[in-house]
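Colleague: any chance you can model this:
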Amino acid sequence: MVIGHHVQPLHSEPLGQQQRAEVIAGEACAAGDQNPLCSSRPSLPGAGSYRMKHPPAPFALAQFALVQGRGFPGYRRQGSQNRITPMRIVMIGTGYVGLVSGVCFADFGHDVICVDKDTAKIDRLNAGQVPIYEPELDVVMTRNVEAGRLAFTTDLAAAVQGADAVFIAVGTPTRRGDGHADLTFVMAAATELARVAQNGVIVVTKSTVPVGTNRQVRDTIAAANPDLEFDVASNPEFLREGAAVQDFMRPDRVIVGVESDRAAKVLRNIYRPLYLRDFPIVVTDLESAEMIKYAANAFLATKITFINEVAALCEKVGADIKQVSWGMGLDGRIGNKFLHAGPGYGGSCFPKDTSALARIGQDHASPMYIVETVIEVNERIKRRMVDKLLNMCGDSFAGRTVGVLGVTFKPDTDDMRDAPSLTIVPALIGGGARVRVCDPQGRREGVALLHGVSWHDDAYDAAAGADLLVILTEWNEFRALDLKRLAGLMAKPCLADLRNIYSAADVRDAGFQTYTAIGRPGF
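Modeller: Below is the predicted model of the structure:
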């Protein structure tokens, strides 16, 4: 079901920003003194403004009051079910999903403790250092640590005392050899949690896990501590790297899989700030929640792979994939997202989740033929990029100098997992090319993954003396380059625009001799 609510306008006149914040802050306590946010109830004309025991989180007030720059009018929320009550949350795992989720829950106004076994990582977090690159995350983390709502520790036993919910957000990498999601870390976390958890806790799986995993978590905890009273829930994440904070704060939907009313109530309270802003919270059974995550990612991967195959056909028949994608995307049944042709998908989600879904289908004698084909075609697309570059170099990379702009799987992240660069750059090196790389955030991971390349802080430096320049990741820094300057710096001005940033006419006018793109005419 989708949770809805009834609201009644409180003011007939528009409110100023400060007044809106005060009204919403006051109404968070309107249900009575039992609400722990409130210590007294002095009156405010027309609404009720209450003194707060703890300063509310910026998200709960300012961002709650203003949605994307639009004034959020004052509302009186009907009934005690709409109280905003801070919860005590524990997040096991401070990787990408765990850290972003923990930080954002704290910004909702909840008390959050993030737990990790990696002492060095916890020390960095306690020193205010964010171990991953994600826009806005450092700012949100700092303000919630300073407000006393967010802490980091290696001590799970101490962290879970009094916790309303414990989220498991550990890694589920693809298992070597069979494509299954490796649940080793999930089950280890469940076992350790069972030994120290208190009665009444809700154990929520945030990690992306195969269908049936939450019941395995329940069985694992019950076996390790038969006397523990607890509930399990599934709460898959749908965060885009590079936009994770905004995705968490303004989600398309929140999926909650439960098997008890008590678990549903706790999750509703945790996500109350979103529910009060009309973001859908969809409550399902455990298996449906698990399947929604895999089905959604597989569908998006399919959409990307489809447009990449159409792009290859466009190159053969003389069509322009950008015009084709635009024409397709205007159809409301299709939409324009994930219709940008490129060198293939990568990252932490699509490759892992499509592989896991294909294995789930095989295990249940219901093969996912489309998903299996998507996986195969995506790998072929990456290899086709190598062939395109080889053709531009006269069928040999030997002795060539190649500049590569961008190696992360997408912009605004430092993540290189399954990035197209991990197929393309080694092929260049293996073919005898000298490779000069520039990426705003990719060097930290790339040094260990791309051996034999030189790293450069500037796109023009990477292009200097090159026989070929390849745009692999569409960072903003690469969208407005001085093409004439680039051409003048190169030994042989040839450009492979594998993200379709520039037009053939602009590239030709800048003095390039050869140009190729994806699904578009070159020269």
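
Colleague: ok, now which ones touch residue 370?
Modeller: The contact partners of residue 370, by Cβ atoms under 8 Å, 6 or more residues apart in numbering, come to residue 302. The way it works is simple: take the backbone N, C-alpha and C, and place the C-beta from them, glycine included.

Colleague: which SSE is it in?
Modeller: helix 369-392 (DSSP states H and E).

Colleague: check the offset of that helix from the chain's centre.
Modeller: Distance, stretch centre to chain centre, for helix 369-392: 24 Å (Cα atoms, centre = their mean, to the nearest Å).

Colleague: just the CA coordinates for that helix, please, in CSV.
Modeller: The C-alpha trace of helix 369-392 is given here as CSV (Å, rounded to 0.1, in the frame of the first residue of the first chain):
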residue,chain,number,x,y,z
TYR,A,369,16.6,-14.2,-20.8
ILE,A,370,16.4,-10.5,-21.4
VAL,A,371,18.7,-9.7,-18.4
GLU,A,372,21.2,-12.3,-19.4
THR,A,373,21.3,-10.8,-22.8
VAL,A,374,21.8,-7.3,-21.4
ILE,A,375,24.8,-8.5,-19.4
GLU,A,376,26.3,-10.1,-22.5
VAL,A,377,25.6,-7.1,-24.8
ASN,A,378,27.0,-4.6,-22.3
GLU,A,379,30.4,-6.4,-22.3
ARG,A,380,30.3,-6.4,-26.1
ILE,A,381,29.7,-2.7,-26.2
LYS,A,382,32.8,-2.0,-24.1
ARG,A,383,34.9,-4.2,-26.4
ARG,A,384,33.3,-2.3,-29.4
MET,A,385,34.7,0.9,-28.0
VAL,A,386,38.2,-0.6,-28.1
ASP,A,387,37.6,-1.5,-31.8
LYS,A,388,36.6,2.0,-32.5
LEU,A,389,39.7,3.4,-31.0
LEU,A,390,41.9,0.8,-32.7
ASN,A,391,40.4,1.8,-36.1
MET,A,392,41.3,5.5,-35.4
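
Colleague: and it, what's its mean pLDDT?
Modeller: Averaging the model's pLDDT scores along helix 369-392 yields 97.

Colleague: same question for stretch 466-478.
Modeller: pLDDT averaged over stretch 466-478 gives 97.

Colleague: and residue 407, what is it in contact with?
Modeller: Counting by Cβ under 8 Å, 6+ apart, residue 407 touches 416, 419, 421, 425, 437, 439, 442, 446, 450, 472, 473.

Colleague: backbone phi and psi for the first one, please?
Modeller: Taking degrees, to the nearest 10, you get phi -120, psi 10 for the backbone angles of residue 416.

Colleague: residues contacting it?
Modeller: Applying Cβ under 8 Å, 6+ apart to residue 416 gives the contacts 346, 407, 408, 409, 422, 442, 445, 446, 449.

Colleague: now these as JSON lines including secondary structure and pLDDT?
Modeller: JSON lines is the format used below for the contacts of residue 416 (DSSP: H, G, I helix; E, B strand; the rest coil; pLDDT from 0 to 100):
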{"residue": "346", "secondary structure": "coil", "pLDDT": "96"}
{"residue": "407", "secondary structure": "coil", "pLDDT": "98"}
{"residue": "408", "secondary structure": "coil", "pLDDT": "97"}
{"residue": "409", "secondary structure": "coil", "pLDDT": "96"}
{"residue": "422", "secondary structure": "helix", "pLDDT": "97"}
{"residue": "442", "secondary structure": "coil", "pLDDT": "95"}
{"residue": "445", "secondary structure": "helix", "pLDDT": "93"}
{"residue": "446", "secondary structure": "helix", "pLDDT": "95"}
{"residue": "449", "secondary structure": "helix", "pLDDT": "96"}
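
Colleague: okay, those residues in a markdown table with distance to residue 390 next?
Modeller: Below are these laid out as a markdown table (distance: Cβ to Cβ, whole Å):
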| residue | distance to residue 390 |
| --- | --- |
| 346 | 21 |
| 407 | 19 |
| 408 | 23 |
| 409 | 22 |
| 422 | 17 |
| 442 | 23 |
| 445 | 26 |
| 446 | 22 |
| 449 | 22 |
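
Colleague: list buried residues within the residues you listed.
Modeller: Neighbour counting with 16 or more other Cβ atoms under 10 Å marks 346, 407, 408, 409, 422, 442, 445, 446, 449 as buried within those.

Colleague: among those, which one lies nearest to residue 278?
Modeller: residue 409 (32.6 Å; Cβ to Cβ).

Colleague: was I right to think the closest one contacts residue 423?
Modeller: No: assessed by Cβ atoms under 8 Å, residue 409 is found out of contact with residue 423, at 11.3 Å.

Colleague: state the helix or strand in which residue 283 lies.
Modeller: strand 281-284.

Colleague: in the helix or strand following that strand, what's buried?
Modeller: Per DSSP H and E, the first helix or strand lying C-terminal to strand 281-284 is helix 286-317. Using 16+ other Cβ under 10 Å as the test for burial, helix 286-317 gives 286-287, 289-294, 296-298, 300-312, 314-315.

Colleague: returning to what we had before: now the angle from the helix holding residue 370 to helix 286-317?
Modeller: Counting by axes from the mean of the first three to the mean of the last three Cα atoms, to 10 degrees, helix 369-392 lies at 40 degrees to helix 286-317.

Colleague: just to revisit the earlier point, helices - which of the contacts of residue 407 land there?
Modeller: 421, 425, 446 (DSSP state H).

Colleague: between those, which sits nearest residue 93?
Modeller: Of the ones in helices among the contacts of residue 407, the one sitting nearest to residue 93 (Cβ to Cβ) turns out to be residue 446, at 24.1 Å.

Colleague: surely that closest one meets residue 439?
Modeller: Yes: at 6.6 Å, residue 446 counts as touching residue 439 under the criterion of Cβ under 8 Å.

Colleague: determine which two of the contacts of residue 407 are furthest apart.
Modeller: Using Cβ to Cβ, those reach their maximum pairwise distance at 450 and 473, which is 13.1 Å.

Colleague: between these two, which is the more surrounded one?
Modeller: The residue with more neighbours, out of residue 450 and residue 473, is residue 473; 30 against 24, by other Cβ atoms under 10 Å.

Colleague: now that one, nearest residue through space, not along the chain?
Modeller: With sequence-adjacent residues excluded and distances taken as Cβ to Cβ, 6 or more residues apart in numbering, residue 473 is closest to residue 406, at 2.5 Å.

Colleague: so who does the one you found touch?
Modeller: Shown here is residue 406, whose contacts under the criterion Cβ under 8 Å, 6+ apart are 421, 438, 439, 442, 471, 472, 473, 474, 475, 478, 499.
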